[in-house]
Each structure stands twice: as C-alpha cells, then as structure tokens.
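K.L.:
quick one, what's the 3D model for this:
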Amino acid sequence: MFYRIDGDFFTTTDLSKLECPIHVVTNRAIDLTTPAWIKSEIFFDGKYSEISLLDGTWKLFPEMCKEIIDKIYQLSLKKIIVNVEDIRIIKTTGNVLPHRDQIRKSCINILINSEIATTMFSVNNSFDDYRLDPINVKKFVCRQGEIYLLDTKNVHSVQQDHNSSRYLISVSFMKTYNEILNIFTDQ
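P.N.:
Residues are numbered from 1 along each chain as shown. This next block holds a predicted model:
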C-alpha cells in the first residue's frame, strides 16, 4: 500500500514556472514537445475530481530532477536508476476520489508544498471499502519533504480540508510496489 522511505527531500529549485499552458486530456498518455499540464479526470459514485500532471517536468526543472535522481539512487543504495522522463509534478486541488492509476504500477511521491492532506488506501484493494466499510482504509498524512512509496494499482484517494493546490513530485515505476519496496527494505 504505502511505505515511508527514510530521509527527506527539499529542493532549492525555483518552482515559479509551474504555471504553463494546460492541455485537457482524459485517461491517456500523450507526448508533447513542450511542458504542459495534463488533466486526468476521476469519476466515482456520481462525483468528479481531477489530478493534473506536469508532462515534461524535466524540461522545466532539470536541476530538481537531477537532485531527485541522485536522492533515490543514494537511498536505494544504487539499486534504482530513475529515467528523468518518469519524474512529474502533480497538482491536486481539494479531494481526489478513489481510483487506481492506469499505467504506472508504483511511484515515489514527495510533497513539495506545506499543505497537508490525508492519503488513504483500501485494505482489500476494493472500491467498496470506501462505500461500505471505511474501517478497511489505511491512512497517512504526508508532510512537506517526506518521501513515500505508493502502490498505485491499489485503490487510493486523498482528502483535503481546504481547496488550495497541493503539489507533489512523483516518480513513476513500471515495477510493482513490492519489487520497489524490497529494494528499500532488504538493505
């Protein structure tokens, strides 16, 4: 589900370039020649939420991406090599409804602003846990700079008590959560 990786990450990179053109794309990956926010829509029980991914993050923030690659390489004792194109900044506003990521199998997320939100995972990897039995949901609160490994194939959501934007650095993996987790726990 989730695992707090020892260590923190703070960047000195100026993130003022986060405001760039938005291309609305629903539930599919696209290849753009310039960095752009890609909106992914989530529908659950008649409700709507969205997540925006900054495609081409590495083009806007090459120094920050190098810092992330170096940090993960160091924390994994040189066992994980990150492709720079798998690093994206994610923006959410308000709650993110229960969902499974469609393409990536796992990710490392790092909160880069100070807004606090609760991330929740279904114990049974079921949407019904959110409808019928909220006790079957495990939770954690990510704080600025903390590094978490997430199983994005497990049903998960985010609750915020405010509508301000939350920004994360997210590193996508095509390896499963357990494959990546074993690298960090078998050291």
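K.L.:
longest helix in this protein, please.
P.N.:
helix 62-75 (DSSP state H).
K.L.:
got the residue ranges for the helices in the protein?
P.N.:
Under DSSP H, the chain gives helices at 57-60, 62-75, 128-131, 177-185.
K.L.:
so which of those gets nearest Gln159?
P.N.:
The closest of these to Gln159 is helix 128-131. By C-beta to C-beta, the value is 10.8 Å. Placement of C-beta: from N, CA and C, glycine included.
K.L.:
which elements pack onto that closest one?
P.N.:
Here helix 128-131 touches strand 117-122, going by 3 or more C-beta pairs under 8 Å, 6 or more residues apart in numbering; DSSP states H and E.
K.L.:
mind listing what's buried in the strand it packs on?
P.N.:
117, 119-122 (16 or more other C-beta atoms under 10 Å).
K.L.:
go on, stretch 180-187?
P.N.:
Those would be 180-181, 183-184, for stretch 180-187 by 16+ other C-beta under 10 Å.
K.L.:
returning to that earlier point: need the winner for burial among the helices of the chain.
P.N.:
helix 57-60 (a mean of 19; mean count of other C-beta atoms under 10 Å).
K.L.:
gap between the residue located most distally from the centre of the chain and Ile169?
P.N.:
Distance to the chain centre peaks in the chain at Leu132, reaching 25.9 Å (criterion: C-alpha atoms, centre = their mean). From Leu132 across to Ile169, the span is 34 Å (C-beta to C-beta, to the nearest Å).
K.L.:
for Asn113, same thing?
P.N.:
For Asn113, the distance to Ile169 equals 11 Å [C-beta to C-beta].
K.L.:
in this structure Thr92 contacts His162, no?
P.N.:
No: under the criterion of C-beta atoms under 8 Å, Thr92 makes no contact with His162, lying 11.4 Å away.
K.L.:
got a list of what Thr123 touches?
P.N.:
One correction, residue 123 is Val, not Thr. Contacts for Val123 were tallied using C-beta atoms under 8 Å, 6 or more residues apart in numbering; they are 1, 129, 136-138.
K.L.:
out of these, which is nearest to Val96?
P.N.:
Nearest to Val96, judged by C-beta to C-beta, of the contacts of Val123 is Val137 at 13.7 Å.
K.L.:
and stretch 139-155, what's its mean pLDDT?
P.N.:
Confidence for stretch 139-155, expressed as mean pLDDT, is 94.
K.L.:
what is the end-to-end distance of it?
P.N.:
Length of stretch 139-155, first residue to last, C-alpha to C-alpha, to the nearest Å: 12 Å.
K.L.:
which of Thr92 and His162 has more residues huddled nearby?
P.N.:
Thr92 (18 against 11; other C-beta atoms under 10 Å).
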